[in-house]
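In: below is the sequence, then the predicted model.
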Amino acid sequence: MVKPSSCLWIKQVLWLTRKNQGLLFGLATYIQWGFLSLFWKLLAGVSAYNTFSWRIVFTVVTMLVYALIANQTTRFKGELVGLWQDKKALLRMLLDSFLIAAHWLIYIYAVGHGQATQASLGYYIMHIVSILFALVFLRESLSRSMWAAVVLAFIGVLVLVANTGKLPMVSLGLALSFGFYGLIKKGVRLSSDVAMLVESGLLLPFVAIYLVFFSPESFSSYSSMEMFLLAISGMVTAVPLLCFSEAVKRAPLNLIGFIQYLNPTIQLLVAILIFGEVVSFGELKGFLFIWMAILVFVTGQIVTFRRSS
């Protein structure tokens, strides 16, 4: 007969193993997203609109192939039928598809036009913007550490404006588009893989019209390397998302949240060390306030996590 203490020990080991698996999936997610700028930089010779449009096309293809290979067609159909019957959720997904389109387009444009540093800043402040939106639109309360993080991030943006003479439009565009994306998507019950198919599928008619009637470039006009990269852009989009989906299934969101800043940190290092972008002293001062905001926020999350565990 197995003792209850032995069963408890086995459960703890299995939970720790599952949590470690989640952590590994989370690390894989953010590392892939962090180095994604290298992929889009290779497509700098293709216009941002065309890169984005082909990304949508091949993302739809990738997700359909994934559903077939992974034997997920029944689940996909069930969720899609449920979405079609819920018109409010369908409208939310339509709005979300345009927001994620804006987000992707801004990022692709930024990387291709020497603004990868600004893009990394956008990803640094993204979570803080989401917290601010939760306060304003959802009436959620903020802890002292969250308030301090929001104030420091706001000061950081003001410092950037004061030192550069202009708003960091790429950074704000990325953070705001994703903030509204998360806000509108809240309450829509779709798996992440089905949501990606829906968002890309809703955009597909628009990008198809653009590619057929308005695009100054044709697919055959690209080099073999560019055609190959565009063809795998759907896979490059889908794989990190599927890794993230597995991560949140296995590990607590608090733990996943702690490692999310790997993404912008890698992006920043790639921008400076590989792309050769220069960060001025004025920009660095703004970044310091942003980094302090993140430090305060993460510290507050760790304290909360320890109190609850």
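Out: Now that the structure is in, tell me what you want to look at.
In: skip the chain neighbours and tell me the closest residue to residue 146.
Out: Ranked by CB to CB, 6 or more residues apart in numbering and with sequence neighbours excluded, the top spatial neighbour of residue 146 is residue 131, at 5.6 Å. From N, CA and C alone the C-beta is placed, and that goes for glycine too.
In: do residue 226 as well
Out: residue 46 (5.8 Å).
In: so where does the one you found fall, helix or strand?
Out: With elements taken from DSSP states H and E, nothing contains residue 46; it lies in neither a helix nor a strand.
In: what's around it, how many residues?
Out: Neighbouring residues of residue 46 were enumerated by other CB atoms under 10 Å; the total is 24.
In: check residue 190 too.
Out: Residue 190 is surrounded by 19 other residues when neighbours are defined as other CB under 10 Å.
In: how about residue 153?
Out: 26.
In: I figured it was touching residue 287, is that so?
Out: No. Taking contact to mean CB atoms under 8 Å, the distance of 11.0 Å between residue 153 and residue 287 leaves them out of contact.
In: check the gap between the residue lying closest to residue 271 once chain neighbours are set aside and residue 276 for me.
Out: Spatial nearest neighbour of residue 271, excluding adjacent residues (CB to CB, 6+ apart): residue 116 at 3.7 Å. Relative to residue 276, residue 116 is positioned 10 Å away (criterion: CB to CB, to the nearest Å).
In: check residue 258 too.
Out: 31 Å.
In: more neighbours: the two, which one.
Out: More neighbours surround residue 258 than the other of residue 258 and residue 276, with 16 against 8 (other CB under 10 Å).
In: what sits against that one?
Out: For residue 258, the set of contacting residues under the criterion of CB atoms under 8 Å, 6 or more residues apart in numbering consists of 298, 301, 302.
In: can you check residue 243 too?
Out: Remark: with contacts taken as CB under 8 Å, 6+ apart, residue 243 is in contact with 25, 26, 28, 29, 32.
In: show me what contacts the residue nearest to it when sequence neighbours are not counted?
Out: Using CB to CB, 6+ apart and skipping the chain neighbours, the partner closest in space to residue 243 is residue 29 (4.4 Å). Under the criterion of CB under 8 Å, 6+ apart, the contact partners of residue 29 comprise 240, 241, 243, 244, 247.
In: try 6 Å
Out: Contact partners of residue 29, counting by CB atoms under 6 Å, 6 or more residues apart in numbering, are 240, 243, 244, 247.
In: put the alpha carbons of stretch 193-209 into CSV.
Out: What follows is stretch 193-209, C-alpha atoms only, in CSV (Å, rounded to 0.1, in the frame of the first residue of the first chain):
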residue,chain,number,x,y,z
ASP,A,193,-4.0,28.5,-32.1
VAL,A,194,-7.6,28.9,-33.2
ALA,A,195,-7.5,32.6,-32.4
MET,A,196,-4.5,33.0,-34.6
LEU,A,197,-6.3,31.2,-37.5
VAL,A,198,-9.3,33.5,-37.0
GLU,A,199,-7.4,36.7,-36.8
SER,A,200,-5.3,35.8,-39.9
GLY,A,201,-8.4,34.5,-41.7
LEU,A,202,-10.4,37.7,-41.1
LEU,A,203,-7.5,39.7,-42.6
LEU,A,204,-7.0,37.3,-45.5
PRO,A,205,-9.6,38.9,-47.9
PHE,A,206,-8.1,42.4,-47.4
VAL,A,207,-4.5,41.3,-48.0
ALA,A,208,-5.5,39.2,-51.0
ILE,A,209,-7.2,42.2,-52.6
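In: neighbouring contacts of it?
Out: Outside stretch 193-209, the residues touching it (CB under 6 Å, 6+ apart) are 53, 56, 59-60, 63, 76, 79, 93-94, 97, 100-101, 241.
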